[in-house]
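> Everything below, folded, please.
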Amino acid sequence: MVSQNLTIVIKLGTSSIVDENTHEPILSILTLIVETAAQLRRNGHNVVLVSSGAVGVGLQRMEVEERPNNLPRIQALAAVGQCRLMSLWDGLFSHLRLPVAQVLLTRNDIADRTQYVNAQNTFSQLFEMGVIPIVNENDTIAVSEIKFGDNDTLSAITAAMVKADYLFLMTDVDCLYTANPRNSPDAKPIEVVSDISLLEADVSSAGSSLGTGGMSTKIVAAKLGTSAGVTTIITKSSKPGNVHEIVKYLQRVKQGIQTLTTTGETISEVPPLHTRFLPSDHPVQSRTFWLLHGLKPHGTIYIDHGAYSALQKKASLLPAGVVGVDGHFAQQEAVRLVVVQRLSPDSLNGDFLHHGQEPKEVGRALVNYGSLEIERIKGHRSTQIQTLLGYADSEYVALRENISFFQQDDPSR
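Residues are numbered from 1 along each chain as shown. Predicted structure coming up:
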């Protein structure tokens, strides 16, 4: 079989690598993960680990029994646990002579397009050097405004950033089921999902007491990953070797190879149980993904259907098409774009929300003016901006190159 160099992101939850009761690292699982990553590297693939567990390891180090609710204390525990966790990863990988690198991220780190591209370049250079990046959210400084929310989301954004072929979301079950297999003996595994919007599965399982995720966050991550063209896979975290077996199987299927042996190696005809989410036929481009998912919106701009239609035809957003503004944001910050029905040419005071009109979020934009400025120029011609504000930085509220629209089933709406 002709080998194809792939980029593979493996996301590991806290419960996968830290014991929920003792808070001690599960060395048996960590060792298997390291062996799996090393095997993938030997086959010429790039590997990224997105690893939770800093807070859990910090709890064990400081002999704290339960995860606290106080944010500064959580951040302090993350600071304690992060260095010990990385030391553990580095020690395990060093036995196989594989260098690792720590990459800590918050949304602020990729809010600027230049920083986002710099992060992509860093990953690319690490791959060239044969290094395995280990990514985690920077819990030491992250607050709600700049958090990704959970490492499932972070792993999907990382997978899009590195243009991964596969994103593995490791969890405590083999795959998605039509119902909870613990309660329903008739539950059937869902092996392939071609359209997530049509998915009918039991996603009621919550995250552990140490972690922040659950099955529902993995579905969101799968939507993000597949929208960027990344095949996303859910499989059992206690069997890390499944990753290597699934990759071999998918390569064989992709190349149309039916034989069970190649160069004397026996390949299982049936892969380990997993759920595979197929990538979008029309994946979004890197800049579009960054605008939609790399940035946290700071407010909302309501536009009418005429403006929306013009944007679809690649026009930029003029103030005349803006109906309303919500939130406080500054120039060059991200905002939600919401389409509403303008009741009359003069309805600029929120009347668009009346009469049962349902606003629809359609995308995101980087704005040329702050919320107070847009509030003053909304509904007016661009030639009036100078008179209304005393200056005119741009004739547009947002340039078309700084506007991106969601796909029909995008999870961020």
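> The longest helix anywhere in the chain: how far from the chain's middle?
Criterion DSSP state H: the longest helix present in the chain is helix 71-94. Once both centres are worked out by C-alpha atoms, centre = their mean, to the nearest Å, helix 71-94 turns out to sit 22 Å from its chain's centre.
> Could you shift the numbering so residue one becomes 18, and keep it that way?
OK, 18 is where the count begins now, so the last one is helix 88-111.
> got the buried residues for stretch 138-155?
Neighbour-count burial for stretch 138-155 flags 140, 143-144, 148-155 (criterion: 16 or more other C-beta atoms under 10 Å). The way it works is simple: take the backbone N, C-alpha and C, and place the C-beta from them, glycine included.
> Can I get it in PDB, CA atoms only?
Coordinates of each C-alpha in stretch 138-155 appear next as PDB, following Å, rounded to 0.1, in the frame of the first residue of the first chain:
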ATOM      1  CA  ASN A 138       3.400  28.700  10.600                       C
ATOM      2  CA  THR A 139       4.600  27.500  14.000                       C
ATOM      3  CA  PHE A 140       2.700  24.300  13.600                       C
ATOM      4  CA  SER A 141       4.100  23.800  10.100                       C
ATOM      5  CA  GLN A 142       7.700  24.300  11.400                       C
ATOM      6  CA  LEU A 143       7.200  21.900  14.300                       C
ATOM      7  CA  PHE A 144       6.000  19.300  11.800                       C
ATOM      8  CA  GLU A 145       9.100  19.900   9.600                       C
ATOM      9  CA  MET A 146      11.300  19.400  12.700                       C
ATOM     10  CA  GLY A 147       9.600  16.100  13.600                       C
ATOM     11  CA  VAL A 148       8.100  17.500  16.800                       C
ATOM     12  CA  ILE A 149       4.700  16.500  18.300                       C
ATOM     13  CA  PRO A 150       2.800  19.600  19.400                       C
ATOM     14  CA  ILE A 151       0.800  19.200  22.600                       C
ATOM     15  CA  VAL A 152      -2.000  21.800  22.600                       C
ATOM     16  CA  ASN A 153      -4.100  23.000  25.500                       C
ATOM     17  CA  GLU A 154      -6.200  26.000  26.400                       C
ATOM     18  CA  ASN A 155      -4.200  28.400  28.500                       C
END
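> what's next to it, contact-wise?
Contacts with stretch 138-155, where a contact means C-beta atoms under 8 Å, 6 or more residues apart in numbering, come from 24, 54, 58, 63-69, 71, 99, 103, 106, 110, 115-123, 126, 164-165, 168, 171-172, 175, 178-179.
> Please state the offset of that stretch from the chain centre?
On C-alpha atoms, centre = their mean, the centre of stretch 138-155 falls 17 Å from that of its chain.
> quick check: mean pLDDT across it?
Stretch 138-155 comes out with an average pLDDT of 93.
> Tell me where this structure has helices.
Using DSSP H, the helices found in the chain span residues 31-34, 44-59, 71-78, 88-111, 124-128, 130-145, 168-178, 232-244, 258-271, 303-306, 322-329, 388-394, 402-406.
> now these in CSV, with distance to Tyr413?
Output for these, formatted as CSV (distance: least, C-beta to C-beta, whole Å):
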stretch, distance to Tyr413
helix 31-34, 45
helix 44-59, 47
helix 71-78, 43
helix 88-111, 39
helix 124-128, 21
helix 130-145, 18
helix 168-178, 27
helix 232-244, 27
helix 258-271, 44
helix 303-306, 18
helix 322-329, 11
helix 388-394, 11
helix 402-406, 10
